[in-house]
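1. I'll drop the sequence and a predicted model, then ask my questions.
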Amino acid sequence: MAKTVKSTVKRQVRRTAKRNPLAAVVLILALAIGLAVGYLACTALTKNDGFSLKGEKAVVYTVGEGGGSVTLGEDGWTLTALGKDAGDQVKVETDLQTTNGGYTVPTDEPGVYRIVYRPTHFLFSKYSLVRTVTVKAAEGGAE
């Protein structure tokens, strides 16, 4: 489709240039100004866009901590798209049990757990962030 548009524009510019060379210059100038304004508008709209985790990306607990389980509070995330808060457009995936405001991390044995944050907003849908929760053996203890 882009090739067709490009060839159509070229054809129109050639026809116009044959009729009136000044019209061709004005057409090209208008096209260049339109592209520049579009670029600047897109840049301004997406200037502060981003996706990041609040809090630590890696959390470490020791086996036995909390008497067999610990509640990890959900620090959350920040998602800004097109200059607006889009934090409600994030899906969270994890094997950890969900509790009010966080997750229950079993600390009865060593392991690694992941909390994956996937935006559903079209600008960030190809991205994901991961918070890693590690339960490690106590110092001097066997894993």
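-> On my side now, so go ahead.

2. From here on, just use CA atoms for contacts and neighbour counts.
-> Will do.

3. Packing partners of the helix or strand of the chain with the lowest mean pLDDT?
-> When the helices and strands of the chain are scored by mean pLDDT, DSSP states H and E, helix 2-19 comes last with a mean of 76. The contact analysis (3 or more C-alpha pairs under 8 Å, 6 or more residues apart in numbering; DSSP states H and E) places helix 2-19 against helix 21-45.

4. Let's test this: mean pLDDT of the helix it packs on, rounded?
-> In this model, helix 21-45 has an average pLDDT of 87.

5. Who are the packing partners of it?
-> helix 2-19.

6. which of the residues in the helix or strand encompassing residue 98 are buried?
-> In the assignment (DSSP states H and E), residue 98 maps to strand 97-99. Residues of strand 97-99 classed as buried by neighbour count (16 or more other C-alpha atoms under 10 Å): none.

7. what residue is smack in the middle of the protein?
-> residue 124 (3.7 Å; C-alpha atoms, centre = their mean).

8. Could you measure from the residue located most distally from the centre of the chain over to residue 59?
-> In the chain, residue 19 marks the outermost C-alpha relative to the chain mean, sitting 49.9 Å out by C-alpha atoms, centre = their mean. Relative to residue 59, residue 19 is positioned 71 Å away (C-alpha to C-alpha, to the nearest Å).
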